[in-house]
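>>> sequence below, structure please.
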Amino acid sequence: MTKVTNLYGWGHPKRYNDFSTHFRKLFNERVQKVSVDAGFTCPNRDGTKGTGGCTYCNNKTFKPSYCDLKTSVKKQVEEGILFFGKKYESMKFLAYFQAYTNTYAPLSVLSKLYEEALENSKVVGLVVATRPDCLSDEILDYFQELSKSYYVMVELGIESCENQTLQQINRGTTFEESARAIEQLAERGIHRCAHLILGLPGEERETILKQARTISELPIENIKIHQLQIHADTLMAKEYLKNPELFHIYSVNEFIELVIDYIELLRPSIIIERFVSESPADLLIAPNWGLKNYEFVAKVEKRLKERDTWQGKRWRP
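Model (predicted):
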């Protein structure tokens, strides 16, 4: 394991740069994200960029029970803290503005919502999910100033590095826009995370592995990977049911091998927040793996050991 630990520092417990270890070192205590739904929409839903939204998107798949638009941001944060506080007595929290595009409003509106979440003494920062085309200089300057007092992470939905794919899924942005947004965040010292979907229609194995190399060249700090999922009440679900032959639905073992091949090419300093996403069974059409996230992670870690490999093994700067 000497080669593995040398990538991240002596004594690193994993064969990849995992999120939980990073956060424990960063905060010296347990930190949990608390989701907030502030009632935003997206520019490719309201007609600014398009209508209908991304073809894969159903926000109900990741909205916790304590998120309710009828409830204030302050109350959602409090209820989220109570929900997670039952497990651990000592814990700090990040307010996670997750649903839709959380910088899609005037700064006067945004700052009020963010600062309402930060009023809670147990909240040490923000995680803000957004699109690369919704980060004005004014908002970036605000995040830069806020970062002097709080942890601020901007999570960008990149999804793919292929413009043809982005057009096909009605993303409404280009990869070049994403790359520039990441660079602007890095220039201001704002934490940044890339969200990526592996297995989008038309993307074969080599295209997906090329993505790992491309992402590694950008000043990304964290990434979130997850398998393509076909969710009910989406345009992609209609496409899948009509033409299933256009989709490659990975088996568990097949996706494990893909993930490991992917992270072998990934820059070792990139922090991996997750490998897969878990959706409510009543909204999931495919793939139906029947696994919890932690069960999938255990399988990845076992296979990494069996293959005697690690994040960055095949990465070249």
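
>>> pull stretch 191-211 out as CSV, backbone CA atoms only.
Output in CSV follows, covering the C-alpha atoms of stretch 191-211 (Å, rounded to 0.1, in the frame of the first residue of the first chain):
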residue,chain,number,x,y,z
HIS,A,191,-14.4,25.7,-3.4
ARG,A,192,-15.7,23.9,-6.5
CYS,A,193,-17.3,20.5,-7.2
ALA,A,194,-18.2,18.9,-10.6
HIS,A,195,-21.3,16.7,-10.9
LEU,A,196,-20.9,14.1,-13.7
ILE,A,197,-23.2,11.3,-15.0
LEU,A,198,-21.6,8.2,-16.4
GLY,A,199,-23.5,6.3,-19.1
LEU,A,200,-25.5,9.0,-20.8
PRO,A,201,-27.0,8.0,-24.2
GLY,A,202,-24.4,7.8,-27.0
GLU,A,203,-21.4,7.8,-24.6
GLU,A,204,-19.3,4.6,-24.9
ARG,A,205,-16.6,3.5,-22.5
GLU,A,206,-13.8,5.3,-24.3
THR,A,207,-15.7,8.6,-24.2
ILE,A,208,-16.4,8.2,-20.5
LEU,A,209,-12.7,7.5,-19.8
LYS,A,210,-11.6,10.5,-21.8
GLN,A,211,-13.9,12.5,-19.6
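
>>> what mean pLDDT does that stretch get?
Averaging pLDDT along stretch 191-211 gives 96.

>>> swap in stretch 226-240?
Here stretch 226-240 scores 93 as its mean pLDDT.

>>> which parts of that stretch are buried?
His226, Gln227, Leu228, Gln229, Ile230, His231, Thr234, Met236, Ala237, Glu239, Tyr240 (16 or more other CB atoms under 10 Å). In short, each C-beta sits where N, CA and C put it, glycine included.

>>> equivalent analysis for stretch 121-128, please.
Val123, Val124, Gly125, Leu126, Val127, Val128.

>>> in the residues you listed, find the pair that's most separated.
The distance between the two most remote of the buried residues of stretch 121-128 (CB to CB) is 14.5 Å, for Val124 and Val128.

>>> on that earlier part again, among the buried residues of stretch 226-240, which lie within helices?
Taking DSSP state H, the ones among the buried residues of stretch 226-240 that sit in helices are Met236, Ala237, Glu239, Tyr240.

>>> which residues does stretch 296-311 contact?
3-4, 7, 14-17, 252, 256-257, 259-260, 263-264, 266, 268, 270, 272, 275-276, 289, 291 (CB atoms under 8 Å, 6 or more residues apart in numbering).

>>> which of those are buried?
For the contacts of stretch 296-311, buried by 16+ other CB under 10 Å: 4, 7, 14-17, 256, 259-260, 263-264, 266, 268, 270, 272, 275-276, 289.

>>> and Val124, helix, strand or coil?
strand (DSSP: H, G, I helix; E, B strand; the rest coil).

>>> can I assume it is in contact with Val152?
No: under the criterion of CB atoms under 8 Å, Val124 lies out of contact with Val152, with a separation of 10.4 Å.

>>> wasn't Asp141 part of a strand?
No: counting by three-state DSSP, Asp141 falls outside a strand, being helix.

>>> now do the contacts for it.
Asp141 touches Arg188, counting by CB under 8 Å, 6+ apart.

>>> in the stretch 101-250 of the chain, which spans are helices?
Per DSSP state H, counting those that start in this stretch, the stretch 101-250 of the chain carries helices over the ranges 107-118, 137-146, 163-168, 175-187, 205-216, 235-242.

>>> pretty sure Val31 is touching Phe23, no?
Yes: if you go by CB under 8 Å, Val31 and Phe23 touch, sitting 5.3 Å apart.

>>> the more surrounded of the two?
Between Val31 and Phe23, Phe23 has the larger neighbour count (other CB atoms under 10 Å), namely 20 against 17.

>>> got any ranges where the chain has weak pLDDT?
1-12, 59-70, 89 (pLDDT under 70).

>>> for it, longest helix please?
Criterion DSSP H: the longest helix present in the chain is helix 293-307.

>>> and that helix, how far from the chain's centre?
20 Å (CA atoms, centre = their mean, to the nearest Å).

>>> could you do stretch 106-115 as well?
Worked out by CA atoms, centre = their mean, stretch 106-115 lies 22 Å from the chain centre.

>>> same question for that stretch: list its buried residues.
Under the neighbour-count criterion of 16+ other CB under 10 Å, stretch 106-115 has Leu110, Leu113, Tyr114 buried.

>>> which ones are touching the first one?
Read it as Leu110. Leu110 is in contact with Asn102, Thr103, Ile139, Tyr142, counting by CB under 8 Å, 6+ apart.
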